[in-house]
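Engineer: structure, please.
(chains A and B)
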Amino acid sequence: MRHPLFAFDPAPVTIIGIGSPFGDDRVGWSVADALAERLSASKARVLKLDRPGTALLDEIAGRHRAVLVDAAATGAAAGTLHCIALEDLPATSAGSSHGLGLAEALQLARSLGVLPAELCLYLVSIDPDNARLPGADLTPAVAAAVEPLAAAICKRLVACAA
Amino acid sequence: MTERRIEVPVLARVEGEGALDVTIRDGRIADLKLRIFEPPRLFEQLLVGHHYSEIPDLVARICGICPVAYQMSGLHAVERLFAPDPDAWPLPWVHRMRRLFYCGEWIQSHALHIHLLAAPDFLGFASAPAMAVQYGAEVRRGLALQGLGNRIIALFGARSVHPVGARLGGFWRAPARRDADRLAAEAERAIPQAEALVRWTAGLPLPAAPQAFNCVSLRHPVEYPMMGERIVSESGLDIAVDDFEAQVTEHQVPHSTALHGLLAGEPYLLGPLARVNLNHDRLHPRVTALLGDIGVELPSHDMFQSVVARAVEILQAVIEAAEILSEYAPEEPAYAEIAPRAGIARGASEAPRGLLWHRYDLDDAGLITHARIVPPTSQNQARIEADLAATLTAVGLDADDATLRQTGEMVIRNYDPCISCATHFLRLTLHR
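Structural biologist: Model prediction:
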């Protein structure tokens, strides 16, 4: 097995877009798609998940580097980008219907000692009213955030790998 | 007159959304409502006009936790209409593979509930992540079991959520022998882990609070029930699946978008504890031996024992899955053609949360003209309300709000209600 960090070709980073097919809630998937186009499979393992929870845990457990992208109702203008620390992620289990929310899943990973050593968490602010329509396109403000975020993540990965 | 209202505005660690309103007046419960406020899903009407062949893929979407159950009840219904002889249908290979598929769902759903939803209650933690700091090995074991269940589902359904492999007469394709062999080895290794899980749940500091209730489940001549032809109860009911409608009444209550189910006008219990109470003589000898060894007595009328019942069913399902997988050989095609006919299709299977009954009226073109889906959570709702009234009274209605709220949530979680399926669920409002 390649050494995960200290090698000339380190193990690929795991990038996970979290979303659903409902309007702006899809933005995590859109960013994942944009990154899959820019990054080779040897550099990044790009996944799209339809909910956080234990499936997310499965995909990040024991990995050294992971990048998560999700839509969030942060109160900021739609399309605003946030790069936040796990500690700043509000626990919102009460509103979540099936098992674990993102914050709980990551807290569980930390409790179990399987949280990636390097975890970047990006949130794109959306208006929750635009996250209910099946099949709807991203609204312009959120769509405009996809490429800049993909570029920022690429830049950061290159900086980390150098 | 003193009046106190206690509200649990959003129930945590249940599947879906609901709330609990309790009004206490002069030291008695004057009113108790389990409110279910996910919008009604109107799924039955959505099915009308669709072809019977679409049922497995459509109904799988009703629930992200128990899609296999919806698929199996739907297929059972249609196949019972098209091929009425239960001895001839389904094909033995299909029957075994469906049991394996269903074992996967029981394992993943029960493992999720025990470790992430219920156990924190009994060990005094606010959440699963908080519990995992101290009980890391147990939570890891639970997640490994859940993963095994998911992988069994994905073996047939290509994915564990809303699987797509099931079809009328069997499966679209048989799993590759290599994939089945890998899972067979994993299932075999999971058996001692599942046995340890049963021992662990039996040793949890569970409250002792027996109550009188009537258990209902499917009953099979030899198997621990997953699909079956007879519905039985502790009160002596023993009816064909076709006669369910005549015995169970569903009625709307203003405080809930789920329908309440009653048997002969009385609440009844479905799910793992009901199943194991009525069918412990059908458990695998290895499960029975372990229960004797650790002194678990069945039947039990203490809902807190439902966490043990869930672990027992995980062990049963893991052993059965290991056995089926160890003898696996693919068959092509993985289904049998079956001639359609018009009529009323009724079928049932044991979802992780209990009896899931379906009815489809099919016309000459094979289109659905009427559909009725009776999920376990709505049937359990009246029983949950009765349990809440009894347990809150036993705890003492003069207890502080936090205690009553916590007790109420714990009671509700014992039923592992799946509110999304039932809406046709949860917050606690105490009025006093």
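Engineer: hey, where'd the helices end up in the stretch 201-350 of chain B?
Structural biologist: Here the stretch 201-350 of chain B has its helices, by DSSP state H, counting those that start in this stretch, at B:244-247, B:272-279, B:285-294, B:306-326.
Engineer: which one of the ones you listed lies closest to chain A?
Structural biologist: helix B:306-326 (15.3 Å; Cβ to the nearest Cβ). (Glycine included, C-beta is placed from N, CA and C.)
Engineer: buried residues in that closest one, which are they?
Structural biologist: B:306-325 (16 or more other Cβ atoms under 10 Å in any protein chain shown).
Engineer: distance from it to the middle of the chain?
Structural biologist: 14 Å (Cα atoms, centre = their mean, to the nearest Å).
Engineer: near chain A at all, it?
Structural biologist: No - using Cβ under 8 Å from any Cβ of the partner chain, we find that helix B:306-326 stays clear of chain A, coming within 15.3 Å at best.
Engineer: that helix to helix B:285-294, inter-axis angle?
Structural biologist: Interaxial angle of helix B:306-326 relative to helix B:285-294 (axes from the mean of the first three to the mean of the last three Cα atoms, to 10 degrees): 150 degrees.
Engineer: on that earlier part again, in terms of mean pLDDT, which of the helices of the stretch 201-350 of chain B ranks lowest?
Structural biologist: When the helices of the stretch 201-350 of chain B are ranked by mean pLDDT, helix B:244-247 comes last with a mean of 90.
Engineer: and that helix, what does it pack against?
Structural biologist: strand B:343-351 (3 or more Cβ pairs under 8 Å, 6 or more residues apart in numbering or on different chains; DSSP states H and E).
Engineer: and the contacts of the strand it packs on?
Structural biologist: Applying Cβ atoms under 8 Å, 6 or more residues apart in numbering or on different chains, the contact partners of strand B:343-351 are B:52, B:66, B:69-70, B:72-82, B:102, B:105, B:217-218, B:225-228, B:231, B:241-242, B:244-245, B:275, B:355-362, B:375-376.
Engineer: just the buried ones from those residues?
Structural biologist: Among these, those classed as buried by 16+ other Cβ under 10 Å are B:52, B:66, B:69-70, B:72-82, B:102, B:105, B:217-218, B:225-228, B:231, B:241-242, B:244, B:275, B:355-362, B:375-376.
Engineer: in the helix or strand harbouring B:R35, what's buried?
Structural biologist: Element membership for B:R35, per DSSP states H and E: strand B:28-36. Neighbour-count burial for strand B:28-36 flags B:I29, B:L32, B:K33, B:L34, B:R35, B:I36 (criterion: 16+ other Cβ under 10 Å).
Engineer: return the item of those residues having minimum pLDDT.
Structural biologist: Minimum confidence in those sits at B:I36, scoring 66.
Engineer: which elements pack onto the helix or strand B:W93 falls within?
Structural biologist: Per DSSP H and E, B:W93 falls inside helix B:92-112. In terms of contacts (3+ Cβ pairs under 8 Å, 6+ apart), helix B:92-112 is packed against helix B:67-82, helix B:136-157, strand B:170-171, helix B:306-326.
Engineer: quick check: the farthest pair among the buried residues of strand B:28-36?
Structural biologist: B:I29 and B:I36 (19.2 Å; Cβ to Cβ).
Engineer: wouldn't B:L273 be in contact with B:S217 here?
Structural biologist: No - between B:L273 and B:S217 there is no contact under Cβ atoms under 8 Å: 9.8 Å.
Engineer: can you give me the end-to-end distance of stretch B:325-340?
Structural biologist: End-to-end span of stretch B:325-340 (Cα to Cα, to the nearest Å): 31 Å.
Engineer: which residues of the stretch 51-200 of chain B lie near chain A?
Structural biologist: B:64-65, B:112, B:116-117, B:127-133, B:136, B:139-140, B:143, B:146-147, B:160-161.
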